[in-house]
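K.L.:
My questions concern the predicted model and sequence given below.
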4 protein chains.
Amino acid sequence: MKIALIIENSQAAKSEIVHDALKTVADPLGHSVFHYGMYGPEDEAQLTYIMNGLLAGILLNSKAADFVVTGCGTGMGSMLGCNAMPGVICGLVIDPTDAFLFGQINDGNAISMPYAKGFGWAAELNLQDCYRKLFEVERGVGYPKERAEIMAKNRGILGAVKAAACHDMLTVLKTVDQDLLKAAISGEKFSEYFFANSQDEAMSDYLKSVLAA
Amino acid sequence: MKIALIIENSQAAKSEIVHDALKTVADPLGHSVFHYGMYGPEDEAQLTYIMNGLLAGILLNSKAADFVVTGCGTGMGSMLGCNAMPGVICGLVIDPTDAFLFGQINDGNAISMPYAKGFGWAAELNLQDCYRKLFEVERGVGYPKERAEIMAKNRGILGAVKAAACHDMLTVLKTVDQDLLKAAISGEKFSEYFFANSQDEAMSDYLKSVLAA
Amino acid sequence: MKIALIIENSQAAKSEIVHDALKTVADPLGHSVFHYGMYGPEDEAQLTYIMNGLLAGILLNSKAADFVVTGCGTGMGSMLGCNAMPGVICGLVIDPTDAFLFGQINDGNAISMPYAKGFGWAAELNLQDCYRKLFEVERGVGYPKERAEIMAKNRGILGAVKAAACHDMLTVLKTVDQDLLKAAISGEKFSEYFFANSQDEAMSDYLKSVLAA
Amino acid sequence: MKIALIIENSQAAKSEIVHDALKTVADPLGHSVFHYGMYGPEDEAQLTYIMNGLLAGILLNSKAADFVVTGCGTGMGSMLGCNAMPGVICGLVIDPTDAFLFGQINDGNAISMPYAKGFGWAAELNLQDCYRKLFEVERGVGYPKERAEIMAKNRGILGAVKAAACHDMLTVLKTVDQDLLKAAISGEKFSEYFFANSQDEAMSDYLKSVLAA
């Protein structure tokens, strides 16, 4: 699985803590982690939580990533930014049981976590525990398992409702503020990672034009 | 302020606990609580978390409600259902500090809470504490206050991005599965509460036609 | 390791949930779990949190158990009961990181957990996660590891202070209310488990006399 | 009420955050806060969590303080240190509901809180909320109120068991390592605050002799 990591500017100083925790869990499981930034508070490309959401929408809808791990101070802004996008189902995960239940019941494709609120001593242990509860097990199996079928059915209905409520991602990209969009994809490694992994030519072409503008 | 309460079917047995806690806080502050169901597990009209979201979208976009309090087992499903809708900014709130920070930073119009996960002894006290942190104070003032301006700016950008990403609510209503929509508005008191408070004639007309179909 | 499980009367109905979670973790690691009760709310022998503490003091000081897992509604009462005893260092554990840090830093011989407060859906998963953080790893290694030495030194000092502050356990047994003591050791399986495992003849003899009285 | 604040060396840098939060709540309620240190990481008198416990034992048994607020990285060490002392009933408090239930059910005379684990953004708000749940209400009233009587009875039994298990405080002071004791009472303001407020002449005399040694 391709896991994209996206960190908001207010928590950019914790980039390495989060990246290390994610890689500690994901690498041995055979997943690839792509860190789309920010990498540190002084990065030229500053990502707000809204840009985190746009970026998650781009990566997931283009299949450049299979799963997005993001976050901000409370996790709330990035979660809202992600869930505003078509095709993104982003959970707010605070503890390992949240992570497990989100994986089993909602089986979304993104999580947002708080990297400031409640983030104290040993917080990196909690990050790892949360990632394990998502990535070490089969997701979408239901909890309790007897309710697997109804849970799967509801996930399908939620997907259909989101599809009815949202424009498709390419339309969203063309409609949002183009400066905001350009800022969201101006991270140091975006072009390297994204264009090699995107499976949506129209989206790739459009984003190339945005970067060239 | 008109506060709508919406409870998912899996947690319908806790309807009165949640309603009581909400009224204990909201009534003395002069807010009106409208309980849109479910009222108990045996209700004829069963609300899934997706319907919670649709209902929140209807109530907030029509201005029949100013704020929605919803929830499900983990709070996650209802949060996802709400955030799939245009014009709904729904936080997942677990503890009082979550509630406070969501109110100050994100200043959304809905919260979803877990009514099963972590919901044990004295959970009604935590509900009240969370509601207090949202309703007893001025929201949107920023935390820390020095960051109020940038936080307000980001809220505006998130609103614009959601508007670019979503269809308007009336279109959503016409596009989603009509049986699902009808089920979402078939609660015992929906018609009484909604049509008296809606400020959107087109939405009211459309929903009347759905109920009549 | 011999792990003793002790459950307070207010949470006796959850006896099997806790016992199952503990055995799920402890059995594969080669530990033996001895369930000293309560087994259900109707048990003849009712254990209050104070009796939980007395029982923990008996089991640990006699080496009938190497580790005690106990709890009550909030976990607080049983923790207080345990820490009132000589030779018992009991942590209050709520989440997996608590369990890990208690094991690494304080390396005590007992934990108390809440079985009502915060004990909702999927709480059995949190129990297992907490037990894993205690029993799957070497304890007392320090966190962070660079502080291992000072942490070990402080544990030694705490032990010495407790020894200076408390009477020895046999004296405590002879001094406390004898009806309370008898009630604490009247559980259905106490005699079977305790007398086979106690390594303190004087304590065993005294408790036999109490039971015979 | 005289509230003593005691902070462990590892968290001394947070002294002002904790002190401010405590005074914000306690002052308007008419309580007096006595900050016994540490005041900053560079203080000459370094308090370990064991010394926090000794100090709490001294202050509470001499009635120089009516309530002790302490803490360390996880809160666990200081809690253990306090509960090792005669006459000290110290809760580990992490969230407001913990604080409330400890106050209502266990009605102890000390709390320990984590100032590193989980201590991130807005943690000072949680501190205030916890203090409010303890100090703004009548404690010991029971939760739920119907169980007030049995809860009060159990508190009495716990007190009796602790009294049976522990030596009296003066004996403890004479028995513990005298260097440790001297270090525990060598804080910059100990003499000023303690000797003016102690109501136990024997303890005061003994501690004067320790300081003079």
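P.N.:
Great, that's in hand.

K.L.:
tell me the contacts of residue A:116?
P.N.:
When contacts are counted by Cβ atoms under 8 Å, 6 or more residues apart in numbering or on different chains, residue A:116 touches A:10-11, A:72-74, D:120-122. Where C-beta positions appear, they are placed from N, C-alpha and C, glycine not excepted.

K.L.:
May I have the predicted confidence score for it?
P.N.:
pLDDT, residue A:116: 98.

K.L.:
Top of the contacts of residue A:116 by number of neighbours, please.
P.N.:
Neighbour tally across the contacts of residue A:116 (other Cβ atoms under 10 Å in any protein chain shown): the maximum, 32 neighbours, falls on residue A:74.

K.L.:
Compute the number of surrounding residues for the residue nearest to residue A:169 when sequence neighbours are not counted.
P.N.:
Using Cβ to Cβ, 6 or more residues apart in numbering or on different chains and skipping residues adjacent in sequence, the residue nearest residue A:169 is residue A:61, 3.8 Å away. Neighbours of residue A:61 under the rule other Cβ under 10 Å: 23.

K.L.:
what about residue A:61, distance to chain C?
P.N.:
From residue A:61 over to chain C the distance is 31 Å, taken as Cβ to the nearest Cβ, to the nearest Å.

K.L.:
Same question for residue A:150.
P.N.:
Relative to chain C, residue A:150 is positioned 15 Å away (criterion: Cβ to the nearest Cβ).

K.L.:
quick one: pLDDT of that residue?
P.N.:
On the pLDDT scale, residue A:150 gets 96.

K.L.:
Could you point out the helix or strand that follows the helix or strand it falls within?
P.N.:
Using DSSP states H and E, residue A:150 falls within helix A:148-165. Using DSSP H and E, the next helix or strand after helix A:148-165 towards the C-terminus is helix A:169-175.

K.L.:
packing partners for that following helix?
P.N.:
Applying 3 or more Cβ pairs under 8 Å, 6 or more residues apart in numbering or on different chains; DSSP states H and E, we find helix A:169-175 packed against helix A:49-61, helix A:201-212, helix B:148-165.

K.L.:
Tell me how far the first one lies from the chain's centre.
P.N.:
Average the C-alpha atoms of helix A:49-61, do the same for its chain, and the two points are 7 Å apart (Cα atoms, centre = their mean, to the nearest Å).

K.L.:
what's the answer for the last one, then?
P.N.:
On the basis of Cα atoms, centre = their mean, the separation between the geometric centre of helix B:148-165 and that of its chain is 19 Å.

K.L.:
C-alpha coordinates for that helix, PDB please?
P.N.:
Written as PDB, here are the backbone C-alpha positions of helix B:148-165 (Å, rounded to 0.1, in the frame of the first residue of the first chain):
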ATOM      1  CA  ALA B 148      -7.600  34.500  16.100                       C
ATOM      2  CA  GLU B 149      -7.200  36.300  12.700                       C
ATOM      3  CA  ILE B 150      -5.400  33.600  10.900                       C
ATOM      4  CA  MET B 151      -7.900  31.000  12.300                       C
ATOM      5  CA  ALA B 152     -10.800  33.100  11.100                       C
ATOM      6  CA  LYS B 153      -9.200  33.400   7.700                       C
ATOM      7  CA  ASN B 154      -8.700  29.700   7.400                       C
ATOM      8  CA  ARG B 155     -12.300  29.100   8.300                       C
ATOM      9  CA  GLY B 156     -13.300  31.300   5.400                       C
ATOM     10  CA  ILE B 157     -11.000  29.400   3.100                       C
ATOM     11  CA  LEU B 158     -12.400  26.000   4.200                       C
ATOM     12  CA  GLY B 159     -15.900  27.300   3.600                       C
ATOM     13  CA  ALA B 160     -15.000  28.400   0.100                       C
ATOM     14  CA  VAL B 161     -13.300  25.100  -0.700                       C
ATOM     15  CA  LYS B 162     -16.300  23.100   0.600                       C
ATOM     16  CA  ALA B 163     -18.600  25.400  -1.600                       C
ATOM     17  CA  ALA B 164     -16.400  24.600  -4.600                       C
ATOM     18  CA  ALA B 165     -16.400  20.900  -3.800                       C
END
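
K.L.:
SS state for the residue nearest the centre of chain A?
P.N.:
Central residue of chain A (Cα atoms, centre = their mean): residue A:68, 2.6 Å from the mean position. Assigned by DSSP: H, G, I helix; E, B strand; the rest coil, the conformation of residue A:68 is strand.

K.L.:
Skip the chain neighbours and tell me the closest residue to it.
P.N.:
Excluding its sequence neighbours, the residue lying closest to residue A:68 (Cβ to Cβ, 6+ apart) is residue A:110, at 4.0 Å.

K.L.:
Tell me if I'm right that that neighbour and residue A:92 touch.
P.N.:
No: counting by Cβ atoms under 8 Å, residue A:110 stays clear of residue A:92, with 10.2 Å between them.

K.L.:
List, one by one, the residues from chain A near chain C.
P.N.:
Counting by Cβ under 8 Å from any Cβ of the partner chain, chain A comes close to chain C at A:95-97, A:100-101, A:121-122, A:125-126, A:129, A:143.

K.L.:
ok, and of those residues, which contact chain B?
P.N.:
The subset of the residues of chain A next to chain C within reach of chain B, by Cβ under 8 Å from any Cβ, is A:97, A:101.

K.L.:
Which ones among the residues of chain A next to chain C map onto helices?
P.N.:
Among the residues of chain A next to chain C, the members found in helices (DSSP state H) are A:96-97, A:100-101, A:125-126, A:129.

K.L.:
Most widely separated two among those residues?
P.N.:
Across these, no pair lies farther apart than A:101 and A:125, at 19.5 Å, counting by Cβ to Cβ.

K.L.:
These two: which has the busier surroundings?
P.N.:
Using other Cβ under 10 Å as the criterion, residue A:101 and residue A:125 rank with residue A:101 on top: 23 against 17.
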